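Q: Okay, predicted coordinates and the sequence, questions at the end:
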Amino acid sequence: MLHIEELITSKQNALVVETAKLADRKHRRASGLFRFDGIKLAEEALRSGAPLAAVLLHEQRAQAVLSRLEEAGLSLPESARTVCLSDAVFRRLSEESAPEGVICVCRELPIHQTKPTPVITERERIVLLESVRDPSNLGAIIRSAAAFGVDHLIISEDCADIYNAKTVRASMGTLFTQHLTRVAAITDAIAALRAAGRRTFAAALDRDAWQLGSFAVQSGDCVVIGNEGHGLSSQTIAACDHSVFIPMTARAESLNAAVAASVLMWAFGAPNSDERQGGMNDV
């Protein structure tokens, strides 16, 4: 088992200060780093081979964390700086109400890119997001995308930061393996998809919208999901081939953005029987 000799007891330590700064989006972008708390996310990061830069362990829980990782067949990479923090320093730095004893600092993932227009692969399942501003919603959508076999998420520049702690936490580790491209204009991505022969559907309740379930979804069809409160912009709706709405009772005016996205992602490309595993854990 890894033996950790370095114990940090000062809140002014450079690593502690830099990790705390990662709560700010500007600092995350400038440094190319992000942070996340908890053993579950640490395990998923290690399984995916995420490029960890540092691992900060609670002094009194370090061996328990390392034992759990060892039991799962995982180990911390030698390239990641691994240190222990005193109880006072760890609790000051942790973003969890009940800290589990581990905080990770990770480099930005190569599967996440920012491009004017995304690179589109012929067989990949694609979903687009416009102006999804709530980081918890974005994280939940990323989790659902992984569950329902979405290969590529394309999101507008004004969506929540994918490396926000709430986004990472809500994704339940699927962020580490989800291919994602951030674009300046979602309409340009839609145009690129249409040029590649893809049908694009705006999730919008307008006069000409097609009811979900009333038409056959074709291989390659893509759906565009909008802002929590205002939905999609008129320009984005106009850029799509069709609009689609989810039928529901009159007892609810609308669905949460993450819930609506989950329904649409299932309908536009649920995994086949060979891919299904089932399960209701950690809901």
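A: In hand now; what should we look at? What you see is a predicted model, and the numbers here were worked out from it, not measured in a lab.
Q: Where does the prediction get shaky in the stretch 1-150 of the chain?
A: Scanning the stretch 1-150 of the chain with the threshold set as pLDDT under 70 gives 1-5.
Q: where do the helices sit along it?
A: Along the stretch 1-150 of the chain, counting by DSSP state H, counting those that start in this stretch, helices occupy 14-21, 25-31, 39-48, 62-71, 87-93, 135-147.
Q: May I see those organised as JSON lines, with mean neighbour count and distance to residue 206 added?
A: (Glycine included, C-beta is placed from N, CA and C.) Formatted as JSON lines, the helices of the stretch 1-150 of the chain follow (neighbours: other Cβ atoms under 10 Å; distance: least, Cβ to Cβ, whole Å):
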{"stretch": "helix 14-21", "mean neighbour count": "16", "distance to residue 206": "44"}
{"stretch": "helix 25-31", "mean neighbour count": "14", "distance to residue 206": "34"}
{"stretch": "helix 39-48", "mean neighbour count": "20", "distance to residue 206": "39"}
{"stretch": "helix 62-71", "mean neighbour count": "16", "distance to residue 206": "51"}
{"stretch": "helix 87-93", "mean neighbour count": "16", "distance to residue 206": "48"}
{"stretch": "helix 135-147", "mean neighbour count": "23", "distance to residue 206": "22"}
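Q: Using CSV, lay out those together with distance to residue 185.
A: Listed next are the helices of the stretch 1-150 of the chain as CSV, based on distance: least, Cβ to Cβ, whole Å:
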stretch, distance to residue 185
helix 14-21, 31
helix 25-31, 19
helix 39-48, 30
helix 62-71, 42
helix 87-93, 38
helix 135-147, 18
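Q: residues near the residue lying closest to residue 55 once chain neighbours are set aside, how many?
A: Once flanking residues are discounted, residue 55 sits nearest to residue 82: 4.6 Å by Cβ to Cβ, 6 or more residues apart in numbering. Residue 82 has 19 neighbours, counted by other Cβ atoms under 10 Å.
Q: again with the one 3 residues further on
A: Taking other Cβ under 10 Å as the neighbour definition, residue 85 ends up with a count of 28.
Q: follow-up on the earlier one: compare the helices of the stretch 1-150 of the chain and give me the one nearest residue 205.
A: Of all the helices of the stretch 1-150 of the chain, the one in closest proximity to residue 205, counting by Cβ to Cβ, is helix 135-147 (18.9 Å).
Q: just checking, what packs against the closest one?
A: Judged by 3 or more Cβ pairs under 8 Å, 6 or more residues apart in numbering; DSSP states H and E, helix 135-147 is in contact with strand 126-129, strand 152-156, helix 165-171, helix 257-267.
Q: Among the ones you listed, show me which one is buried the most.
A: Across the helices and strands packed on helix 135-147, averaging neighbours per residue (mean count of other Cβ atoms under 10 Å) puts strand 126-129 on top, at a mean of 26.
Q: May I have that strand as CSV, with CA atoms only?
A: Output of strand 126-129 as CSV, limited to C-alpha atoms (Å, rounded to 0.1, in the frame of the first residue of the first chain):
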residue,chain,number,x,y,z
ILE,A,126,-25.4,12.8,-30.7
VAL,A,127,-27.4,15.0,-28.4
LEU,A,128,-27.1,18.8,-28.3
LEU,A,129,-27.7,21.2,-25.3
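Q: And for that strand, what's in contact with it?
A: With contacts defined as Cβ atoms under 8 Å, 6 or more residues apart in numbering, strand 126-129 is touched by 120, 138, 141, 145, 150-156, 159, 186, 189-190, 193, 198, 200, 222-226, 261, 264-265, 268.
Q: who does that strand pair up with?
A: Strand 126-129 has the following strand partners under DSSP bridges: strand 152-156 (parallel), strand 222-225 (parallel).
Q: Make JSON lines out of those strands and add mean pLDDT.
A: Supplementary listing: the strands paired with strand 126-129 in JSON lines, determined by pLDDT from 0 to 100:
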{"stretch": "strand 152-156", "mean pLDDT": "97"}
{"stretch": "strand 222-225", "mean pLDDT": "96"}
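Q: how about the ones you listed, which one is nearest residue 10?
A: Residue 10 lies closest to strand 152-156 among those, at 38.8 Å (Cβ to Cβ).
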